[in-house]
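Peer 1: Model the following, please.
(2 chains)
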Amino acid sequence: MSSIIDPRLEAIKKQFSKVDYVLLVGSGKGGVGKSVTAATIALLLSSKGYAVGLLDLDLHGSVIPTIFDIEGYEPEESKEGLVPPVIIGVKVMSLGLFAKNRPVPIHGKNKRDAITELLAITKWGELDFLIVDLPPGTGDEVIASSTLIPVEREALVIMTPSALARVVASRTILLLRDLRVRIMGLVENMAYMKVDGKTIYPLGKPVGEKLARELHVQYLGMLPFDPSLSMAIDEKNPEKLMETLFARSVDEIIVPVVIGNREILVSKS
Amino acid sequence: MHEWSLASGVVLTLKKIMDEKEAKGVREVRVVVGELSQIDKDILRDAIITLSEEELGSKVNVVIEEEKARLKCNTCGYEFGFSEAFEQLKRIFCPDLKPGEECENPVHYVPELVSTYIRCPRCGSPDIEIVAGRGVWIKSVVLELEEGGKQ
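Peer 2: Now for the predicted structure:
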């Protein structure tokens, strides 16, 4: 027989053969705190004793290596593939580890090829959870990750309380559904602050619950606008990130759902 | 070492094809290696042979072809080959490279990163497209079929 066959697709199946559950973390708009949320979920799950990986597929706007302070790291080579660096128990892989803070000006089919390659050569080993940080929007990365990752995957969609974020979050949910990705829930970030015992809404009235109702997805709740978060990120200190009010909120409203959904999937399989 | 994970993908694909076609075995596989991926062809061949023995139960005859890399600048239309691209990679990753030595660079792992490190030699644009010579793929497979097996 003769036709061009891509061996990476079988390689991807092998690399994901011991990965139980994949959570795609997406948003419509940029700047809604998606990467920080993805990193925080991964760190919290790891702190509870789970085996966790974090895959950064935000090819153009990669910040995961900065959050984890691993910009200078090189993935280790092994016969089974590249071994991701492990930071506070989280295995982290990102194209940013190869691009070293240079721009990544790839587009179209080249982008899908880059993602396919990264999925095929990364050795995850046994993972309870793989958290995937998607870029904003509904482009190649969202489509490629949804179609190439060969295990059960769900999506968490993040938005901020704004009419613009609402419109694009809605598009992301519709696309993910068409890609046969179950929507785990919608969360509204930077939604509130506590000032002198009073709750204020710095970006305006929350709109996520209404959107969730309209699109028949679970509304997980609101995450706070937390100034201590940017300090932890500026210090490139993931351990400090875990001590923030933001992380405590993620631990309350997102992490239990992620753990519960994995347990259901694992018990079914 | 990266060659081993690619070889594993090739052998697992052969296994899948064997199962689909109800074949007894694989006599030969022809694998094309894109020049841009800077794969060590001898390591890849040996890895496919070793893994095929483990996974498929017999050694496979492995033929490796190389496809020359062709890159195209989407800004000025200039087309260029790997040697021009490699000159730029060498300047960044291995300026003191001696003959016979390898130049380790990230394009080996993800060929698309060529546009992260290479600029058009003519106009300096980063908008570079890979026309040919990326990655590894299977061009043809010769199967040993059971009597009555699928063609």
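Peer 1: Find the closest residue to chain A in chain B.
Peer 2: Of all residues in chain B, residue B:9 sits closest to chain A, at 3.1 Å by C-beta to the nearest C-beta. Placement of C-beta: from N, CA and C, glycine included.
Peer 1: you'd agree that residue is up against residue A:120?
Peer 2: Yes. Applying C-beta atoms under 8 Å as the test, residue B:9 and residue A:120 come out as touching, 6.1 Å apart.
Peer 1: more neighbours, these two?
Peer 2: Per other C-beta atoms under 10 Å in any protein chain shown, whichever of residue B:9 and residue A:120 has more neighbours is residue B:9, with 28 against 25.
Peer 1: Tell me if I am right that the residue of chain B closest to chain A is in a strand.
Peer 2: No. Assessed with DSSP: H, G, I helix; E, B strand; the rest coil, residue B:9 is helix; it does not lie in a strand.
Peer 1: what domains does the record give for chain B?
Peer 2: B:2-67+B:134-145, B:70-132 (automatic domain parsing).
Peer 1: taking those together, which one is wrapped up most tightly?
Peer 2: Across the domains of chain B, averaging neighbours per residue (mean count of other C-beta atoms under 10 Å in any protein chain shown) puts domain B:2-67+B:134-145 on top, at a mean of 19.
Peer 1: ok, which stretches of the chain are strands?
Peer 2: Just so you know, I chose chain A. In chain A, the strands defined using DSSP state E lie at A:2-5, A:22-27, A:52-56, A:76-78, A:81-83, A:86-87, A:90-94, A:129-133, A:153-159, A:182-195, A:198-200, A:219-224.
Peer 1: The chain in question should be chain B.
Peer 2: For chain B, the strands defined by DSSP E occupy B:23-34, B:61-67, B:70-73, B:79-81, B:128-132, B:136-145.
Peer 1: Can I get these in CSV including mean pLDDT?
Peer 2: Listed next are those as CSV, based on pLDDT from 0 to 100:
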stretch, mean pLDDT
strand B:23-34, 95
strand B:61-67, 97
strand B:70-73, 96
strand B:79-81, 97
strand B:128-132, 94
strand B:136-145, 93
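Peer 1: and the stretch 1-150 of chain A, which of its residues are near chain B?
Peer 2: A:1-11, A:13-14, A:77-82, A:95, A:98-99, A:102-106, A:110-111, A:113-114, A:117-118, A:120-121, A:123 (C-beta under 8 Å from any C-beta of the partner chain).
Peer 1: Can you give me the separation between the residue in the stretch 151-269 of chain A that chain B sits nearest to and residue B:57?
Peer 2: Residue nearest to chain B within the stretch 151-269 of chain A (C-beta to the nearest C-beta): residue A:151, separated by 16.1 Å. Distance, residue A:151 to residue B:57, by C-beta to C-beta, to the nearest Å: 28 Å.
Peer 1: cool, and residue A:184?
Peer 2: 43 Å.
Peer 1: Could you list the low-pLDDT ranges of chain B?
Peer 2: By pLDDT under 70, the low-scoring segments of chain B are B:1, B:147-151.
Peer 1: Provide a list of residues in contact with the residue lying closest to residue B:123 once chain neighbours are set aside.
Peer 2: For residue B:123, ignoring the flanking residues on the chain, the nearest one in space by C-beta to C-beta, 6 or more residues apart in numbering or on different chains is residue B:76 at 4.1 Å. Neighbouring residues of residue B:76 by C-beta atoms under 8 Å, 6 or more residues apart in numbering or on different chains: B:120, B:122-123, B:125.
Peer 1: And the residues you listed, which two are furthest apart?
Peer 2: For the contacts of residue B:76, with distances taken as C-beta to C-beta, the pair at the greatest spread is B:122 and B:125 (8.6 Å).
Peer 1: so what's in contact with the two at the same time?
Peer 2: B:73, B:76.
Peer 1: Just the terminal-to-terminal distance for stretch A:43-58.
Peer 2: End-to-end distance for stretch A:43-58, by C-alpha to C-alpha, to the nearest Å: 18 Å.
Peer 1: Give the buried residues for that stretch.
Peer 2: Residues of stretch A:43-58 classed as buried: A:43-47, A:50-58 (neighbour count, 16 or more other C-beta atoms under 10 Å in any protein chain shown).
Peer 1: ok, so of those, who is nearest residue B:36?
Peer 2: Nearest to residue B:36 among these: residue A:57, at 21.7 Å, using C-beta to C-beta.
Peer 1: ok, now which ones touch the nearest residue to residue A:21 once chain neighbours are set aside?
Peer 2: Distances taken as C-beta to C-beta, 6+ apart put residue A:262 closest to residue A:21, at 4.1 Å, once the chain neighbours are dropped. By C-beta under 8 Å, 6+ apart, the contact list for residue A:262 reads A:20-21, A:128-129.
Peer 1: Now the buried members of these.
Peer 2: A:20-21, A:128-129.
Peer 1: Return the closest of those with respect to residue A:68.
Peer 2: residue A:129 (16.3 Å).
Peer 1: Against residue A:49, how distant is the closest one?
Peer 2: Distance from residue A:129 to residue A:49, counting by C-beta to C-beta: 12 Å.
Peer 1: what do those two both touch?
Peer 2: In contact with both residue A:129 and residue A:49: no residue, using C-beta under 8 Å, 6+ apart.
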